[in-house]
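1. structure for this input, please:
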Amino acid sequence: MKKQNETERFLENISNIGYFSTDLDGKVEAWNQTCEMLFGYSKKEALGKKLETLIVPEYLHEQFQNDFKQKNAIYGEEFEFKNKDNHTTLLYTNTVFTDTHYHGICIDTKEFKLTKKLESTINTVSKQLQEKAEIILISIDRNGYINDFNHFAEKLTGYKKEEVLGRNFVELFLPQSYKEKTLKQIQKSFASKQILMSNDFPLICKNGQKIIVHWDRSLITNRKDKKGSLLLVGDHKSPQNSIQDRLEYLANYDSLTDLPNKNLLYNRLENAINKAARLNQNMITVFINLDNFKAINHTLGYAKGDEILKEAAERLQAELRDYDTVARFSGDEFVLLFENIQDEMAAATVAKRISELFEKPFHIDSNEITIKANMGISFFPSDGNDPKTLVKNANMAMLRAKEESTTNFQFFKAEIHEEITQRIQMENSIRKAIQNREFYVEYQPLVDAKSEKIIGAEALVRWNHPELKNIPPLDFIPVAEDTGMILEIGEIVLQNAIRQMQEWHQKGHDKLKISINISGVQLLQSNLEETIEKILSNTGFDPSYLQLELTESTLMQNIELASEVLHNFKKRNIKISIDDFGTGYSSLNYLKKLPIDALKIDQSFIRNIEVDQSDKVIVNTVIAMGHSLGMEVVAEGIEDQKQKQYLQENDCDILQGFLFGRSLDALAFEALLEGKTQPSTQTEKFDADETQLRKFTQPMKITY
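-> Numbers count the residues shown, from 1 in each chain. A predicted model of the protein is given here:
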């Protein structure tokens, strides 16, 4: 109690700075003359009363109670108090918990300047309380070199005071991604003599363990050399040895990245909303999704994916202002909170700065990975006045950004709500359709150009919704791609098409081949080869009659991985066809390197082939090039006799299109094979070309 009494006696006699102290039940035990002036209560009136009822506004009671219970101190923040007349005022405030007391110093914000007197007071109070307070106190000079280090810092970091004095705080304790920014902040503090706001970032201990510390910085003056020191005040937030501390940590922080989790994010959003409302300010919530991150997990494995998430978290954390927040929301999603962002221009600047963080590739082993960050932005108060609404609307704006090719961020607009609601309903419907086996396969004839006989079929996915009936693939395939559900749909198509073709082989149609589209997500999944091998084994189907179709865009996402997978398929005698040839990355180089058996000319070159000289040249060139490389050439989208005749005259090998029949279910296609029906050339029920409807994938945005 000796140190505490000395502190109280010292603070009783200073002016301009209010000092109060309570026991751990919140009852006032010390109240100096400045507190009497600031709050209107005499010392006699204040002693023994609950601090909360005296000076905390009613709407902040719950927040104050929670912070007091959890021993969350206030470090260099503006805090709103009320006086005896029930008028509110903003005071610059520092508080600290000791084993037995809660101490606070405060000063009117309007009068607050970093005078030598205030600096000296903060220094003196900190020095007198530090031996009892479980807070980290580290004093550094303008270049980051340590000149003081308290006992709790020793306890947490494992370093003795004599080991760190004279060493650089930034180099010794901070992860690489935090060093440059932190040193700049330190130097800025000395140059401007301004107190930096609070922030959470990691500290590396002597044993290499990383702990999370809530930091505050207060500029103080060293009276001996007049050069000044920066006092770093740290409140340890990482798990301790006790089960309770560990549970509290897990309740508020993400164990992989050490960022605040959803629970703590909502808490901070609530506090920021209250502050913004009080100060009549705007703030933004930014929802970030790492584009096609599932493909990275499927390709490199989840452990490597976790490494990228940790580095992404460090990049985001290092870029923020001290009073901003970044939280890991779930999986590959982060949410950022930026206070006092007043308009869309300022918000766009923030979004562009975040985008720049992801322009630098992530290096994982020998892989160089570039990831696009899709962002949605919601404003308080215009887009919501509670945490969940702001996050939900930012998420909706992010989903719109994923669909846009011109920018990677979008502001929330009212009209987005209906669109995203429909998308979410589509996601739920697809998920239910997979469970209820609503997806099935239809087959479109592949015809030999010379004999005009059916030599195979292309498998096309269809969705028979119980209420909406036939849903166009263009309505559900992009959503299935984005959510990863295309993997399950793709496996349904592989299983059904291969099993059905095996049945037809057993019925005497043993020369028919089946062509199946493979999406980019499927190609990058780690078990595609295993999945196909299992289906072939279970059905007994001859792999030489299986042809997998991939678009050029899909192949170019990761040419090295594609080459490895396709060569493995080639060893099993599975055929490979390039779909939509001529619309993507057509290159003799990749045609030479990859084991390709067929080129499919995109129907856009077939549509006007009778009258467009350029289309004729392109088609003739593709046919000649394919044949010179030993490949078959397929033309799709054939709708009339003149198109057919031109392709036959120019030695195209295989023809496909409405002229030879639309897609049919298995029973109808079998009847066609048996000669019991004639091919139907009626247009599909869908409002798009068949060749576009059947596509599984759009080019993925991730590059390796």
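2. flag the shaky bits of the protein, pLDDT-wise.
-> 1-16, 75-77, 109-134, 192-200, 216-228, 235-250, 405-406, 526, 584-588, 679-704 (pLDDT under 70).
3. please redo it, this time with the cut-off set to 50
-> 1-7, 10, 114-121, 123-124, 126-128, 130-132, 197, 221-226, 238-244, 683-704 (pLDDT under 50).
4. outline the domain layout of it.
-> Residue ranges for the domains of the chain, per automatic domain parsing: 1-113, 246-412, 427-693.
5. could you dump these into TSV with mean neighbour count and distance to Y159 added?
-> From N, CA and C alone the C-beta is placed, and that goes for glycine too. As requested, the domains of the chain are exported to TSV (neighbours: other CB atoms under 10 Å; distance: least, CB to CB, whole Å):
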stretch	mean neighbour count	distance to Y159
domain 1-113	17	22
domain 246-412	19	20
domain 427-693	18	43
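6. distance to K206 added to those domains, as a markdown table?
-> Output for the domains of the chain, formatted as a markdown table (distance: least, CB to CB, whole Å):
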| stretch | distance to K206 |
| --- | --- |
| domain 1-113 | 25 |
| domain 246-412 | 18 |
| domain 427-693 | 39 |
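7. and of the ones you listed, who's closest to L231?
-> Closest of the domains of the chain to L231 is domain 1-113, at 10.1 Å (criterion: CB to CB).
8. ok now that closest one, how far from the chain's centre?
-> Distance, stretch centre to chain centre, for domain 1-113: 41 Å (CA atoms, centre = their mean, to the nearest Å).
9. so F660 sits against V447, correct?
-> Yes: using CB atoms under 8 Å, F660 makes contact with V447 at a distance of 4.7 Å.
10. give me the common contacts of the two.
-> I454 (CB atoms under 8 Å, 6 or more residues apart in numbering).
11. ok, which stretches of the stretch 551-700 of the chain are helices?
-> 552-557, 559-571, 588-593, 613-628, 641-649, 666-673, 690-693 (DSSP state H, counting those that start in this stretch).
12. could you dump the ones you listed to JSON lines with distance to V493?
-> Shown next, in JSON lines, are those (distance: least, CB to CB, whole Å):
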{"stretch": "helix 552-557", "distance to V493": "16"}
{"stretch": "helix 559-571", "distance to V493": "17"}
{"stretch": "helix 588-593", "distance to V493": "26"}
{"stretch": "helix 613-628", "distance to V493": "26"}
{"stretch": "helix 641-649", "distance to V493": "28"}
{"stretch": "helix 666-673", "distance to V493": "13"}
{"stretch": "helix 690-693", "distance to V493": "14"}
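13. so which of these is nearest Q525?
-> Going by CB to CB, the one of the helices of the stretch 551-700 of the chain nearest Q525 is helix 559-571, 10.0 Å.
14. from the middle of its chain, how far away would the closest one be?
-> On CA atoms, centre = their mean, the centre of helix 559-571 falls 30 Å from that of its chain.
15. repeat that for stretch 281-296.
-> Here stretch 281-296 is found 5 Å from its chain centre; the criterion is CA atoms, centre = their mean.
16. could you export that stretch as PDB, CA atoms only?
-> C-alpha atoms of stretch 281-296 as PDB (Å, rounded to 0.1, in the frame of the first residue of the first chain):
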ATOM      1  CA  GLN A 281     -19.100  10.800 -37.800                       C
ATOM      2  CA  ASN A 282     -19.300   8.200 -40.600                       C
ATOM      3  CA  MET A 283     -17.500   4.900 -40.500                       C
ATOM      4  CA  ILE A 284     -17.100   2.000 -42.900                       C
ATOM      5  CA  THR A 285     -17.100  -1.800 -42.700                       C
ATOM      6  CA  VAL A 286     -15.100  -3.600 -45.400                       C
ATOM      7  CA  PHE A 287     -15.800  -7.200 -46.100                       C
ATOM      8  CA  ILE A 288     -13.000  -9.000 -47.900                       C
ATOM      9  CA  ASN A 289     -13.000 -12.300 -49.600                       C
ATOM     10  CA  LEU A 290      -9.900 -13.900 -51.100                       C
ATOM     11  CA  ASP A 291     -10.900 -14.900 -54.600                       C
ATOM     12  CA  ASN A 292     -10.900 -18.600 -55.400                       C
ATOM     13  CA  PHE A 293      -9.100 -19.500 -52.200                       C
ATOM     14  CA  LYS A 294     -10.700 -22.900 -52.200                       C
ATOM     15  CA  ALA A 295      -8.700 -23.800 -55.400                       C
ATOM     16  CA  ILE A 296      -5.500 -23.100 -53.400                       C
END
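17. I'd assumed I638 was in contact with I606.
-> Yes: I606 is in contact with I638 according to CB under 8 Å; the separation is 6.2 Å.
18. what touches both of those two?
-> Common contact partners of I606 and I638 (CB under 8 Å, 6+ apart): 647, 657.
19. so where do the strands sit in the stretch 251-400 of the chain?
-> Assigned by DSSP state E, counting those that start in this stretch, the stretch 251-400 of the chain shows strands spanning 283-290, 325-330, 333-339, 362-364, 367-369, 373-380.
20. distance to P387 added to these, as CSV?
-> Shown next, in CSV, are the strands of the stretch 251-400 of the chain (distance: least, CB to CB, whole Å):
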stretch, distance to P387
strand 283-290, 8
strand 325-330, 11
strand 333-339, 9
strand 362-364, 30
strand 367-369, 32
strand 373-380, 10
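21. for N143, find the nearest of the domains of the chain.
-> Of the domains of the chain, nearest to N143 by CB to CB is domain 246-412, at 19.5 Å.
22. now that closest one, how far from the chain's geometric center?
-> Distance, stretch centre to chain centre, for domain 246-412: 6 Å (CA atoms, centre = their mean).
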